[in-house]
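Visitor: here's my sequence, what's the structure:
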Amino acid sequence: MKKIAVIGGGPAGMIAAYAAAQTDKSSEVTLIEKNEKLGKKLFITGKGRCNVTNASDIETMMNNVVSNRDFLYSAFYTFDNEALMSLIEANGTKLKTERGNRVFPVSDHSSDIIKALKNALDKAGVKVLLNTTVDDIETEDGVAKGLWITDSKNKRRFEDFDCIIVATGGLSYPVTGSDGDGFRFADKVGHTKKECVPALVPIETEEEYVKDMQGLSLKNVEVTIKDGKKTLYSDFGEMLFTHFGVSGPLILSASSVVGRTLKKKNLQMYIDLKPAVSEDTLDKRFLNIIEENKNKQLKNSLNGLLPGKMLAVYMNLLGIDTEKQMNSVTKEERKKMISLLKAFPLTLVSLRGFNEAIITSGGISVKEVNPSTMESKLVKNLYFAGEMLDLDAFTGGFNLQIAWSTGYLAGISAAE
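Guide: Here you go, the predicted structure:
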């Protein structure tokens with residue numbers, strides 16, 4: 001009888017344990033979790049709703065992967081989004097697809113996703129150890145042999161295992177137990193790690209005026225981030241101002257692309273507040289506003305152009321005397337007003353921390369892991385899955401699918 005250990009009771013670990021037990025029903029699969037319950041981080045994803053995957057086709061899924069997408073071909077094709085959705089629904093949780101093909105439980109409760117996975121684990125006969133810490137992985141002559149474990153009664157013991165799957169997560173949301181244990185295990189057996197940085201995380205700005213716009217959400221704007229003349233990121237969508245800087249879907253996605261550069265230097269961000277309108281059309285609109293308000297002061301004539309919180313900041317940045325009458329606004333001043341609408345400036349200075357990051361960028365080098373099996377190329381019978389690998393994607397359920405797919409592949413490979 002083969003004994004398989006899975007370290008980590010998050011999405012990758014749970015699906016790995018299920019896959020291993022289903023693949024070899026004669027094996028003994030043990031899922032080890034340091035917390036008092038499974039799926040602690042999964043419980044808070046999607047603001048408690050759990051964006052469990054994305055219903056797009058595989059090509060779209062791949063295009064939303066930021067780091068090392070080619071590594072994921074085998075994993076995605078072995079266990080795709082449809083297989084994941086079928087598994088969850090077969091275990092009692094109905095799913096729905098929302099805007100952007102994001103998939104959620106019908107109940108809007110992440111606990112129902114965890115419940116479905118627990119049902120699958122129970123049916124597969126997986127042994128679950130909660131409140132149990134893995135202290136170390138034991139290897140001999142380049143082969144994984146077993147684990148040093150401290151259980152809920154604080155007793156330390158060694159247990160033999162034929163295969164070990166490490167799925168302990170990255171560094172995001174450390175309060176859920178993601179404290180880098182897996183990286184320590186990997187480092188001990190010779191694996192290298194790309195530096196971990198927060199990803200899908202808000203960004204701090206230099207300008208104090210963001211505080212005046214705190215809580216303001218902008219929809220249908222275009223954000224462009226530049227390093228000098230080089231454009232690092234540009235996309236269209238929704239963003240949010242906070243007391244420290246910027247957040248929202250556009251910014252979270254941008255953080256995954258520009259995060260490493262931002263660690264080295266400040267970057268310039270420009271918001272096109274009217275991306276669907278050309279500068280010529282805007283100039284005509286301003287001429288109409290001037291004609292309709294020619295005897296009013298500038299400060300009293302642009303209501304409706306922008307949300308109130310932003311209009312005050314916009315006026316201050318214009319550098320134009322806002323007391324002047326509209327009929328005295330010059331062509332150059334109109335040009336300045338249009339430029340600020342098409343390129344509202346902010347200076348990005350730093351990412352927020354791991355405690356606010358949805359995922360971790362960086363991790364164990366995928367060059368040292370077999371993409372067809374998730375087995376370590378350095379240590380036989382040792383497998384890795386999920387966020388601890390140097391894999392990350394944009395928001396929309398893609399990161400969880402990476403966890404499901406790599407976990408499942410690791411599970412069946414260990415069992416086979």
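Visitor: domain boundaries for this protein, per the record?
Guide: When the chain is parsed with automatic domain parsing, its domains come out as 3-197+354-415, 202-352.
Visitor: highest average neighbour count across those?
Guide: Greatest average neighbour count among these goes to domain 3-197+354-415 (a mean of 20), per mean count of other CB atoms under 10 Å. Placement of C-beta: from N, CA and C, glycine included.
Visitor: need the domains of the chain in a markdown table (columns: mean pLDDT).
Guide: Formatted as a markdown table, those follow (pLDDT from 0 to 100):
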| stretch | mean pLDDT |
| --- | --- |
| domain 3-197+354-415 | 95 |
| domain 202-352 | 93 |
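Visitor: please enumerate the helices of the stretch 51-200 of the chain.
Guide: Remark: helices assigned in the stretch 51-200 of the chain by DSSP state H, counting those that start in this stretch are 58-63, 73-78, 81-90, 110-124, 181-188.
Visitor: who touches the third one?
Guide: For helix 81-90, contacts defined as CB atoms under 8 Å, 6 or more residues apart in numbering pick out 15, 18, 52-56, 61, 95, 103, 105, 113, 116-117, 120, 397, 401, 404, 408.
Visitor: got a markdown table for the helices of the stretch 51-200 of the chain, with distance to A393 too?
Guide: Converted to a markdown table, the helices of the stretch 51-200 of the chain look like this (distance: least, CB to CB, whole Å):
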| stretch | distance to A393 |
| --- | --- |
| helix 58-63 | 8 |
| helix 73-78 | 11 |
| helix 81-90 | 13 |
| helix 110-124 | 19 |
| helix 181-188 | 19 |
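Visitor: T330: which of those is closest?
Guide: Minimum separation from T330 across those (CB to CB) falls at helix 58-63, 46.4 Å.
Visitor: counting contacts, what elements does that closest one pack onto?
Guide: Secondary structure elements in contact with helix 58-63, counted by 3 or more CB pairs under 8 Å, 6 or more residues apart in numbering; DSSP states H and E, are helix 73-78.
Visitor: then the helix it packs on to PDB, C-alphas only?
Guide: Provided in PDB are the C-alpha atoms of helix 73-78 (Å, rounded to 0.1, in the frame of the first residue of the first chain):
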ATOM      1  CA  TYR A  73      -0.200  23.400 -20.400                       C
ATOM      2  CA  SER A  74      -0.100  19.900 -19.000                       C
ATOM      3  CA  ALA A  75      -1.800  21.000 -15.700                       C
ATOM      4  CA  PHE A  76      -4.600  22.900 -17.400                       C
ATOM      5  CA  TYR A  77      -5.300  20.200 -20.000                       C
ATOM      6  CA  THR A  78      -5.200  17.400 -17.300                       C
END
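Visitor: who's the residue nearest to G396 when sequence neighbours are not counted bridged to?
Guide: In space, and not counting its chain neighbours, G396 is closest to N54: 5.1 Å by CB to CB, 6 or more residues apart in numbering. With DSSP bridges applied, N54 shows beta-bridge pairing to R102.
Visitor: contacting residues around N54?
Guide: Neighbouring residues of N54 by CB under 8 Å, 6+ apart: T60, M61, N64, N81, G100, N101, R102, V103, G396, G397, F398, Q401.
Visitor: state the helix or strand in which F236 lies.
Guide: Take DSSP states H and E as the rule and F236 turns out to sit in strand 230-241.
Visitor: can you give me the strands for the stretch 151-300 of the chain?
Guide: In the stretch 151-300 of the chain, the segments counted as strands under DSSP state E, counting those that start in this stretch are 156-160, 163-166, 193-199, 203-205, 217-227, 230-241, 245-247, 267-272.
Visitor: nearest to P307, out of those?
Guide: With CB to CB, the closest approach to P307 among the strands of the stretch 151-300 of the chain belongs to strand 217-227: 7.8 Å.
Visitor: what's the closest one in contact with?
Guide: With CB under 8 Å, 6+ apart as the test, strand 217-227 has contacts from 231-241, 248, 250-251, 254, 257-258, 261, 265, 267-273, 275-276, 307, 310, 343, 348.
Visitor: that strand vs strand 267-272, what angle?
Guide: Relative orientation of strand 217-227 and strand 267-272, computed by axes from the mean of the first three to the mean of the last three CA atoms, to 10 degrees: 140 degrees.
Visitor: do you have the helices of the stretch 251-400 of the chain handy? List them.
Guide: Using DSSP H, counting those that start in this stretch, the helices of the stretch 251-400 of the chain run over 279-292, 308-318, 331-342, 398-415.
Visitor: for K145, which of these is the nearest?
Guide: The closest of those to K145 is helix 398-415. By CB to CB, the value is 14.3 Å.
Visitor: who are the packing partners of the closest one?
Guide: Here helix 398-415 touches strand 3-7, helix 11-23, strand 53-54, helix 73-78, helix 81-90, strand 163-166, strand 382-384, strand 392-393, going by 3+ CB pairs under 8 Å, 6+ apart.
Visitor: at 7 Å what do you get?
Guide: helix 11-23, strand 53-54, helix 73-78, helix 81-90, strand 163-166, strand 382-384, strand 392-393 (3 or more CB pairs under 7 Å, 6 or more residues apart in numbering; DSSP states H and E).
Visitor: what's near enough to touch the residue nearest to D212 when sequence neighbours are not counted?
Guide: In space, D212 comes closest to V313 once its chain neighbours are excluded; the distance is 5.5 Å by CB to CB, 6+ apart. Applying CB atoms under 7 Å, 6 or more residues apart in numbering, we find V313 in contact with Y209, D212, M213.
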